[in-house]
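Undergrad: What follows is a predicted structure for the sequence shown.
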There are 2 protein chains.
Amino acid sequence: MNTDTEQKIQTAFSTLLQQMDASQITVRKICDSAHISRTTFYTYFSDIDGLYRYLEEIALGGMESILNDWRYLDFRAFSPNEPFTPLLKMHRYILLHESLYAAFMGMHGSMMFRQKFTTVLGASCASFVGRQIHREVTEDDFYLQFYVGGIYNAIYYWLLMPKERRHTPEELAISETKMLRRIISDMQKA
Amino acid sequence: MNTDTEQKIQTAFSTLLQQMDASQITVRKICDSAHISRTTFYTYFSDIDGLYRYLEEIALGGMESILNDWRYLDFRAFSPNEPFTPLLKMHRYILLHESLYAAFMGMHGSMMFRQKFTTVLGASCASFVGRQIHREVTEDDFYLQFYVGGIYNAIYYWLLMPKERRHTPEELAISETKMLRRIISDMQKA
């Protein structure tokens, strides 16, 4: 696969999704924006839905495999001001695919993406926290949903922010790690 | 205005929005679901967009006026296990308009509603927290966005939960108040 052309298609789609709903994006608009022919587009993707699913998989699948690391970690192995590795890696990955996440999380993004994102994050987080507090953490746990929603919104505003005023992935992950330590400690007491 | 008919229209819209996108909802579908005539519908609303904006205003305007109470409050006036009044009132209000919020926040809801919701909550919250910590809290503050996103997601899951397993508005508001006290204390140190 010619990754250069694929990258052009991906950029065109992300840019368009920040301006219009996914249902308004056509192959024609993508080709115009990426300066490629329709024939080239169809070499890579069967249709717009195929492209959408492929990019959603880059965003969510990539995040899921990074968050999988959580199953091997214990928070006692980290010093208090150190970020948990999966959170740090997740933010670096998001920054690498910045326009893609901004598009999916933005005004023309989808609630479905939001839900899948929080589900992926919630599942990894629940298993990690569960091991730390020695009991099962279920999907309806207030702290879990609060934490996951908090991260989603923090990332959303992070991407909205002009680059020069943004926190680094490290700073963001350190703040999120602190919140998670607090929540684990609250859940241990509960 | 005949509030009984208005309620029927509101219920029909909320029910439909839990099954399909707003763009797929027609006056015909609402009339069929509410068992009213098209003439009756048009007595109340000029079109679907008018209805949508009216219901969005019930959800967001109602919440905004409740959250306004925050400008008169000081968290030191509350005992540690007591919920902040605006949070408690907000959850009672949401429960009263449960199907409306479930529709706007659900799979067929809109990212625009999510953003307006977090903006309304964020603005009140920022002014309240700012007065407690004696400095301005801006929109790009990590703790603020984390807190607001946490509440949004907690409410989202609260409404998804079967009624018999749900926390009461009091329980939810107590947990959220505890988180807010923690965050205020972290921000005071920062």
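TA: Cool, the structure landed.
Undergrad: what does the helix or strand hosting A:Tyr93 rub up against?
TA: Using DSSP states H and E, A:Tyr93 maps to helix A:85-96. For helix A:85-96, contacts defined as Cβ atoms under 8 Å, 6 or more residues apart in numbering or on different chains pick out A:62-63, A:66-70, A:73, A:101, A:124, A:155, A:158-159, A:169-170, A:172-173, A:176-177, A:180. The C-beta positions use only the backbone N, C-alpha and C, and glycine is treated the same way.
Undergrad: For chain A, which residues are neighbours of chain B?
TA: A:23, A:105-112, A:114-115, A:118, A:139-140, A:142-143, A:145-154, A:156-157, A:161, A:165, A:167, A:172, A:175-176, A:178-179, A:182, A:186 (Cβ under 8 Å from any Cβ of the partner chain).
Undergrad: Could you tell me which of those residues count as buried?
TA: Buried members of the residues of chain A next to chain B, scored by 16 or more other Cβ atoms under 10 Å in any protein chain shown, are A:105-106, A:108-111, A:114, A:118, A:142-143, A:145-154, A:156-157, A:167, A:172, A:175-176, A:179, A:182.
Undergrad: Just the ones of the residues you listed in helices?
TA: A:105, A:111, A:114, A:118, A:142-143, A:145-154, A:156-157, A:172, A:175-176, A:179, A:182 (DSSP state H).
Undergrad: Name the spans of chain A whose pLDDT lies under the cut-off.
TA: Along chain A, segments meeting pLDDT under 70 span A:1-2.
Undergrad: Could you list the alpha-carbon positions for stretch A:108-123 in CSV?
TA: The C-alpha trace of stretch A:108-123 is given here as CSV (Å, rounded to 0.1, in the frame of the first residue of the first chain):
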residue,chain,number,x,y,z
HIS,A,108,-19.2,16.8,13.4
GLY,A,109,-17.8,13.7,15.1
SER,A,110,-20.2,11.0,16.3
MET,A,111,-21.6,10.0,19.7
MET,A,112,-20.9,6.5,18.6
PHE,A,113,-17.2,7.3,18.5
ARG,A,114,-17.4,8.9,21.9
GLN,A,115,-19.1,5.8,23.3
LYS,A,116,-16.5,3.4,21.8
PHE,A,117,-13.7,5.6,23.0
THR,A,118,-15.0,5.7,26.6
THR,A,119,-15.7,1.9,26.5
VAL,A,120,-12.2,1.1,25.4
LEU,A,121,-10.7,3.3,28.0
GLY,A,122,-13.2,2.2,30.7
ALA,A,123,-12.5,-1.5,30.1
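Undergrad: so what's A:Lys8 up against?
TA: Taking Cβ under 8 Å, 6+ apart, we find A:Lys8 in contact with A:Ala34, A:His35, A:Ile36.
Undergrad: Which of those residues fall in helices?
TA: Short answer: those in helices (DSSP H) are A:Ala34.
Undergrad: got the contacts of A:Lys8 as CSV, with neighbour count and distance to A:Ala190 columns?
TA: Output for the contacts of A:Lys8, formatted as CSV (neighbours: other Cβ atoms under 10 Å in any protein chain shown; distance: Cβ to Cβ, whole Å):
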residue, neighbour count, distance to A:Ala190
A:Ala34, 21, 52
A:His35, 9, 57
A:Ile36, 17, 55
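Undergrad: mind giving me a markdown table with the contacts of A:Lys8 and columns for distance to A:Val27?
TA: As requested, the contacts of A:Lys8 are exported to a markdown table (distance: Cβ to Cβ, whole Å):
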| residue | distance to A:Val27 |
| --- | --- |
| A:Ala34 | 10 |
| A:His35 | 14 |
| A:Ile36 | 10 |
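Undergrad: Which of the contacts of A:Lys8 sits closest to A:Leu55?
TA: The shortest approach to A:Leu55 among the contacts of A:Lys8 belongs to A:Ala34, at 13.5 Å (Cβ to Cβ).
Undergrad: Go ahead and confirm that closest one touches A:Ala12.
TA: Yes: A:Ala34 is in contact with A:Ala12 according to Cβ atoms under 8 Å; the separation is 3.9 Å.
Undergrad: neighbours of the nearest residue in space to A:Ala173 that is not next to it in sequence, just the number please.
TA: Leaving aside its sequence neighbours, A:Ala173 sits nearest to A:Pro83 (Cβ to Cβ, 6 or more residues apart in numbering or on different chains; 3.5 Å). Using other Cβ atoms under 10 Å in any protein chain shown, A:Pro83 is surrounded by 21 other residues.
Undergrad: Next up, the contacts around A:Pro83.
TA: A:Glu170, A:Ala173, A:Ile174, A:Glu176, A:Thr177.
Undergrad: try A:Leu73
TA: Here A:Leu73 is in contact with A:Phe84, A:Thr85, A:Pro86, A:Phe128 (Cβ under 8 Å, 6+ apart).
Undergrad: Look up phi and psi at it.
TA: A:Leu73 adopts backbone torsions of phi -100, psi 150, taken as degrees, to the nearest 10.
Undergrad: Measure how buried A:Leu159 is and give me the count.
TA: 17.
Undergrad: Give me the nearest residue to it, chain neighbours excluded.
TA: Nearest to A:Leu159 is A:Ala102, by Cβ to Cβ, 6+ apart, at 4.7 Å.
Undergrad: tell me which residues in the helix or strand hosting the one you found are buried?
TA: According to DSSP H and E, A:Ala102 maps onto helix A:98-105. Residues A:Ser99, A:Leu100, A:Tyr101, A:Ala102, A:Ala103, A:Phe104, A:Met105 are the ones in helix A:98-105 that count as buried (16+ other Cβ under 10 Å).
Undergrad: No further questions, thank you.
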